[in-house]
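# quick one: sequence plus predicted model below, questions after.
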Amino acid sequence: MRRRRLQPEARRGVTLLEVMTAATLAATMMTASFVVLRSSYAAWTAHEADLDRAGNATAVLRHLVQNVRQCAGVVAITAPSDDSGSLTVVLADGATWRWDHSGTSITLSINGGASQPLAEDIQQLTFTGYEADGLTPTTEPNDVQAVHASVTTQLPAGGARTVSSYTWVRSW
């Protein structure tokens, strides 16, 4: 049996089945690409939000440490068990600074003036005062020579981030 050869003119074009298959494959590839890009963007956004909140906590802690190192003494400090702590210090020039945590924000008040927001999305702020030996905790302002500050923020993607620092009061 001999096969008949098709004429070149008869072999031009594509069948409807080939067009439908190509369109289906293209649609599948585009859908898969869109899903991957969307999930990557969502992961990126969640990571950026986590970094922003962790950065806020670190900035608050850095601000606290810098100013406690320069203060002349502690005027008031909350107990270490208080998750919404506050700390009041007096600077060498006589100005008093008060950091206070309420709700999810930390405020700063200078010389008893209006409270200014320092950071948002902070879940806990705790202070522990220590005597001159650096080991004995105290809440007596005149005995506080070192302060351990701890800042906790809730991350949007889940979990919490806590940063803490231990600093000596300048007057000591």
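Yep, that arrived. This structure is a prediction, so every number in the text was calculated from the model and none was measured. Residues are numbered from 1 along each chain as shown.

# buried set for the helix-or-strand element of the chain with minimal mean pLDDT?
Within the chain, no helix or strand scores below strand 116-119, which has a mean of 90 by mean pLDDT, DSSP states H and E. Buried positions in strand 116-119, judged by neighbour count with 16 or more other Cβ atoms under 10 Å: Leu118, Ala119. Every residue, glycine included, has its C-beta placed from N, CA and C.

# how near is Ala92 to Pro156?
Distance of Ala92 to Pro156, given as Cβ to Cβ, to the nearest Å: 40 Å.

# looking at these two, which one has more neighbours?
Taking neighbours as other Cβ atoms under 10 Å, Ala92 and Pro156 compare with Pro156 leading, 15 against 11.

# SS state for the more buried one?
Secondary structure, DSSP: H, G, I helix; E, B strand; the rest coil: Pro156 is coil.

# where do the helices sit along this structure?
16-70 (DSSP state H).

# which stretches of it have low pLDDT?
Within the chain, the segments meeting pLDDT under 70 span 1-11, 171-172.

# and with 90 instead?
The chain contains residues with pLDDT under 90 at 1-14, 46, 92, 102-104, 112, 118-121, 134, 155-159, 170-172.

# the closest residue to Thr136 other than its chain neighbours: what's it in contact with?
Distance criterion Cβ to Cβ, 6 or more residues apart in numbering; nearest residue to Thr136, sequence neighbours excluded, is Tyr130 at 6.3 Å. Listed by Cβ atoms under 8 Å, 6 or more residues apart in numbering, the contact set of Tyr130 reads Thr136, Pro137, Thr138, Val144, Gln145, Ala146, Val147, His148.

# doesn't Leu125 make contact with the last one?
No: the criterion here is Cβ atoms under 8 Å, and His148 misses it with Leu125 at 11.9 Å.

# give the partner strands of the least confident helix or strand of the chain in its sheet and their orientations.
Using DSSP bridges, the strands paired with strand 116-119 are strand 105-110 (antiparallel).
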